[in-house]
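Participant: What follows is a predicted structure for the sequence shown.
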Amino acid sequence: MSAGAAVAPLPVLRVDAGEAELPELSALPPEAAQAVERYAAQIDLSQPAAYGARCQQELGTFVTLALEQMAQADPTPVTGALDALCDAVRAADPVRAARGLLSRLLGGTWAVRRAYRRAAPQVSARADELSDLRVRLLRDQALLRRLLEKNEALYRRLAGYVVCGRQRLRTQGAGEERERFARRLLDLELTRTASLQLTAQLRLLLGAEETASERIEATLRTTIPLWRAQMMVALGLSNAREAARLDEATRRALEPQLRAGARHLSRAARTGALREAAAQGEAVTRALQEARGALLLAAGETARARAAQTPAPQTPTS
């Protein structure tokens with residue numbers, strides 16, 4: 001850059017890192033256009049390699065860091081953990097467990113309980129694994145957002161160098177310095193394109209990380225509790241069906257004995273009633289006989305008493 005008492009700062013253009021086309025000078029706000037003209041006027045064409053070199057170097061270091069982050073972003077652990085969880089949940093299907101051979105031999109409740117006990121440790125282990133993966137994904141997302149912010153800042157600086165360089169070429173006459181600076185400006189254009197592509201890749205990777213994190217969150221907060229609730233309902237229904245089955249079996253087993261006991265009680269009741277009636281009849285007969293005897297005795301005594309009180313008839317004298 002040319003020597004001067006005051007060096008104009010590089011204008012910061014308000015451009016998005018996803019925009020491929022840069023605005024023309026006439027499309028910029030007046031203040032931004034004046035800043036571009038001031039900076040372009042002080043560019044030193046004798047040292048084209050120094051123009052934008054620091055920003056280019058920073059982007060190179062940044063791209064290396066972003067590449068390492070992309071290489072570490074492996075979706076296999078998340079996919080494997082989710083698939084293993086689905087397999088464990090399918091293995092504990094209460095409907096299929098209740099229809100199996102063991103359920104027919106030992107009862108549906110036993111089969112459902114056995115399926116749950118086999119699947120519960122696996123589901124808990126997968127839930128812990130998914131929780132750890134979610135923490136890692138959240139940490140990666142925070143890093144990706146910082147990388148995006150850094151890349152956008154570098155992209156705006158590169159855009160400022162390119163726009164100012166284009167303006168400098170418009171005011172520079174033909175010559176070797178102009179050709180050398182034009183080649184340098186082309187290098188910066190390629191670097192800006194790399195930054196543009198990196199933005200798209202970082203956003204794509206961030207979106208994939210967010211989607212995986214949301215899937216894990218939904219699995220931990222919805223799928224697993226819902227599965228446990230369904231298993232609880234299945235166990236409750238199986239217990240109820242088993243209790244009803246045992247009650248029916250007990251009723252069928254005891255029904256003949258209950259009927260026989262009822263018949264026995266009925267016969268015993270009828271026999272006891274007859275005996276009681278006969279005993280009562282005999283008692284009444286004895287009471288009647290005793291009353292008749294007492295009545296006859298009383299009648300005899302009354303007759304004798306009257307006979308004793310009646311005077312004997314006298315014989316008339318002649």
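Facilitator: Everything's here; your move. Note that the structure is predicted; figures quoted are calculated from it, not measured.

Participant: Near residue 34, how many other residues are there?
Facilitator: Residues lying near residue 34 (other Cβ atoms under 10 Å) number 14. Bear in mind the C-beta positions are built from the backbone N, C-alpha and C, glycine included.

Participant: Can you check the pLDDT for it?
Facilitator: At residue 34, the pLDDT value in this model is 85.

Participant: measure it to residue 128 for me?
Facilitator: 61 Å (Cβ to Cβ, to the nearest Å).

Participant: Would you map the helices across this protein?
Facilitator: 30-41, 53-72, 76-91, 94-98, 101-106, 108-171, 176-218, 224-309 (DSSP state H).

Participant: got the contact list for the second one?
Facilitator: Where contact means Cβ atoms under 8 Å, 6 or more residues apart in numbering, the residues beyond helix 53-72 that reach it are 140, 143-144, 147, 150-151, 154, 157-158, 161, 187-188, 191, 194-195, 198, 201-202, 205.

Participant: Now do that helix against helix 108-171: the angle between them, please.
Facilitator: Interaxial angle of helix 53-72 relative to helix 108-171 (axes from the mean of the first three to the mean of the last three Cα atoms, to 10 degrees): 160 degrees.

Participant: mind listing what's buried in helix 53-72?
Facilitator: Neighbour-count burial for helix 53-72 flags 55-56, 59, 62-63, 66 (criterion: 16 or more other Cβ atoms under 10 Å).

Participant: Can you turn the buried part of the contacts of helix 53-72 into a ChimeraX selection?
Facilitator: To isolate the buried members of those in ChimeraX, using 16+ other Cβ under 10 Å:
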select :140,143,144,147,150,151,154,157,158,161,188,191,194,195,198,202,205
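
Participant: Spatially central residue in this protein, please.
Facilitator: residue 222 (1.6 Å; Cα atoms, centre = their mean).

Participant: any weak-confidence spans in the stretch 51-200 of the chain?
Facilitator: 73-75, 91-112 (pLDDT under 70).

Participant: follow-up on the earlier one: residue 9: which of the helices of the chain is closest?
Facilitator: Nearest to residue 9, of all these, is helix 30-41, at 7.3 Å by Cβ to Cβ.

Participant: can you list contacts of that closest one?
Facilitator: So helix 30-41 is contacted by 2, 8-11, 13-14, 25-26, 28, 160, 163-165, 167-168, 171 (Cβ under 8 Å, 6+ apart).

Participant: what about 6 Å?
Facilitator: By Cβ atoms under 6 Å, 6 or more residues apart in numbering, the residues outside helix 30-41 that reach it are 8, 10-11, 25, 163-164, 167-168.

Participant: and that helix with helix 108-171, angle?
Facilitator: Put simply, helix 30-41 runs at 60 degrees to helix 108-171, going by the same axes, to 10 degrees.

Participant: Pull helix 30-41 out as CSV, backbone CA atoms only.
Facilitator: Backbone C-alpha positions of helix 30-41 (Å, rounded to 0.1, in the frame of the first residue of the first chain) are rendered in CSV as follows:
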residue,chain,number,x,y,z
PRO,A,30,-22.8,5.9,-0.2
GLU,A,31,-20.6,5.6,2.9
ALA,A,32,-19.5,2.0,2.0
ALA,A,33,-18.7,3.1,-1.6
GLN,A,34,-16.6,6.0,-0.3
ALA,A,35,-14.7,3.7,2.1
VAL,A,36,-14.0,1.3,-0.8
GLU,A,37,-12.7,4.1,-3.0
ARG,A,38,-10.4,5.4,-0.2
TYR,A,39,-9.0,2.0,0.5
ALA,A,40,-8.6,1.2,-3.2
ALA,A,41,-6.6,4.4,-3.8
